[in-house]
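Peer 1: A structural model of the following input is requested.
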Amino acid sequence: MITLRPAEERGHANHGWLDSHHTFSFADYHDERHMGFRALRVINEDRVEPGRGFGTHAHQDMEIISYVLDGALQHRDSLGNGSILRPDEVQRMSAGRGVTHSEFNPSNVERVHFLQIWILPNARGLPPSYEQRRFPSEDRRGRLRLLAAADGRDGAVTIHQDVDLYGTVLGGGQQVRHDLRTGRHAWVQVARGSVDVNGRPLAAGDGAALSDERGVELHADAPSEILLFDLA
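Peer 2: Residues are numbered from 1 along each chain as shown. Predicted structure coming up:
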């Protein structure tokens with residue numbers, strides 16, 4: 001079974017400095033039909049204006065993944081971490097029993113465009129932690145590259161949940177397949193481009209939930225960048 005989540009039906013908030021589209025319920029956008037999928041709780045597509053950002057704020061008991069598409073995102077947190085996240089990099093912050101952080105666009109001229117992803121952890125009150133790793137586009141081109149996993153295998157960032165997150169960059173006409181074990185589910189998020197997911201067309205910003213499927217087949221109609229979540 002495949003359930004589509006069209007981009008134009010997402011929640012939307014424009015605060016001037018921040019233009020955000022919400023795949024699932026978030027902040028002032030609430031829809032009982034779209035509260036998340038399995039352990040996946042938030043996918044926000046954010047665009048932040050130059051020199052602006054999210055001031056210091058707190059999180060607890062959430063796995064937060066940031067994935068930059070264009071521009072740069074500066075991170076600071078109460079654990080003492082400070083870094084700049086750019087395309088081809090993945091940032092993971094486990095809020096655990098509590099952490100404060102800020103995310104800021106350090107550029108004076110260009111917006112930062114990124115995906116903010118929240119995943120519910122498998123336990124509450126974990127020690128907060130932070131991780132950032134680079135995954136060059138050539139390692140994702142024409143193949144699914146593991147970006148995040150519970151066991152941190154193959155150089156992926158480590159998350160506290162039974163979720164495997166893959167990324168791929170496909171040229172027009174390229175395709176990849178991911179097999180799903182019995183009882184597993186998948187979410188596909190199209191970051192840019194257009195693809196067919198098991199024969200169903202999706203464009204940039206669209207998502208799709210897959211259950212009771214043997215696998216996920218992605219066929220790109222144009223140069224595309226896609227995230228695929230394999231979930232319990």
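
Peer 1: Okay, buried residues for stretch 106-125 please.
Peer 2: Ser107, Arg111, Val112, His113, Phe114, Leu115, Gln116, Ile117, Trp118, Ile119, Leu120, Pro121 (16 or more other C-beta atoms under 10 Å). Every residue, glycine included, has its C-beta placed from N, CA and C.

Peer 1: now those residues in CSV, with pLDDT?
Peer 2: As requested, the buried residues of stretch 106-125 are arranged in CSV below (pLDDT from 0 to 100):
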residue, pLDDT
Ser107, 97
Arg111, 98
Val112, 98
His113, 98
Phe114, 98
Leu115, 98
Gln116, 98
Ile117, 98
Trp118, 98
Ile119, 98
Leu120, 98
Pro121, 98
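
Peer 1: Just put those residues in JSON lines and tack on distance to Ala39 and secondary structure.
Peer 2: Converted to JSON lines, the buried residues of stretch 106-125 look like this (distance: C-beta to C-beta, whole Å; DSSP: H, G, I helix; E, B strand; the rest coil):
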{"residue": "Ser107", "distance to Ala39": "33", "secondary structure": "coil"}
{"residue": "Arg111", "distance to Ala39": "30", "secondary structure": "coil"}
{"residue": "Val112", "distance to Ala39": "26", "secondary structure": "strand"}
{"residue": "His113", "distance to Ala39": "25", "secondary structure": "strand"}
{"residue": "Phe114", "distance to Ala39": "21", "secondary structure": "strand"}
{"residue": "Leu115", "distance to Ala39": "17", "secondary structure": "strand"}
{"residue": "Gln116", "distance to Ala39": "16", "secondary structure": "strand"}
{"residue": "Ile117", "distance to Ala39": "11", "secondary structure": "strand"}
{"residue": "Trp118", "distance to Ala39": "10", "secondary structure": "strand"}
{"residue": "Ile119", "distance to Ala39": "5", "secondary structure": "strand"}
{"residue": "Leu120", "distance to Ala39": "5", "secondary structure": "coil"}
{"residue": "Pro121", "distance to Ala39": "8", "secondary structure": "coil"}
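
Peer 1: Helices along this structure, start to end?
Peer 2: With DSSP state H as the criterion, the chain has helices at 137-140.

Peer 1: Find the centremost residue of it, please.
Peer 2: Among the residues of the chain, the one closest to the centroid is Ile117, at 4.3 Å (C-alpha atoms, centre = their mean).

Peer 1: ok, that residue touching Ala39?
Peer 2: No - assessed by C-beta atoms under 8 Å, Ile117 is found out of contact with Ala39, at 11.0 Å.

Peer 1: and Val48, what is it in contact with?
Peer 2: Trp17, Leu18, Phe54, Gly71, Leu73, Glu103, Asn105, Arg111, Val112, Phe114 (C-beta atoms under 8 Å, 6 or more residues apart in numbering).

Peer 1: Which residue is the nearest non-sequential neighbour of it?
Peer 2: Sequence neighbours aside, Asn105 is the residue nearest to Val48 in space, at 4.6 Å (criterion: C-beta to C-beta, 6 or more residues apart in numbering).

Peer 1: Tell me how many other residues surround that neighbour.
Peer 2: 24 (other C-beta atoms under 10 Å).

Peer 1: can I get the CA coordinates of stretch 137-155 in PDB?
Peer 2: Provided in PDB are the C-alpha atoms of stretch 137-155 (Å, rounded to 0.1, in the frame of the first residue of the first chain):
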ATOM      1  CA  SER A 137      27.300  13.300  -3.600                       C
ATOM      2  CA  GLU A 138      29.500  10.900  -5.600                       C
ATOM      3  CA  ASP A 139      28.900   8.300  -2.900                       C
ATOM      4  CA  ARG A 140      25.100   8.700  -3.300                       C
ATOM      5  CA  ARG A 141      25.000   9.000  -7.100                       C
ATOM      6  CA  GLY A 142      23.100   6.100  -8.600                       C
ATOM      7  CA  ARG A 143      23.000   4.200  -5.300                       C
ATOM      8  CA  LEU A 144      21.400   4.300  -1.900                       C
ATOM      9  CA  ARG A 145      23.900   5.500   0.700                       C
ATOM     10  CA  LEU A 146      23.100   4.800   4.400                       C
ATOM     11  CA  LEU A 147      23.100   8.200   6.200                       C
ATOM     12  CA  ALA A 148      21.700   7.300   9.700                       C
ATOM     13  CA  ALA A 149      21.100   4.000  11.500                       C
ATOM     14  CA  ALA A 150      20.700   2.700  15.000                       C
ATOM     15  CA  ASP A 151      24.100   0.900  14.900                       C
ATOM     16  CA  GLY A 152      26.000   3.600  13.000                       C
ATOM     17  CA  ARG A 153      27.200   1.000  10.500                       C
ATOM     18  CA  ASP A 154      29.000   1.900   7.200                       C
ATOM     19  CA  GLY A 155      29.900   5.300   8.600                       C
END
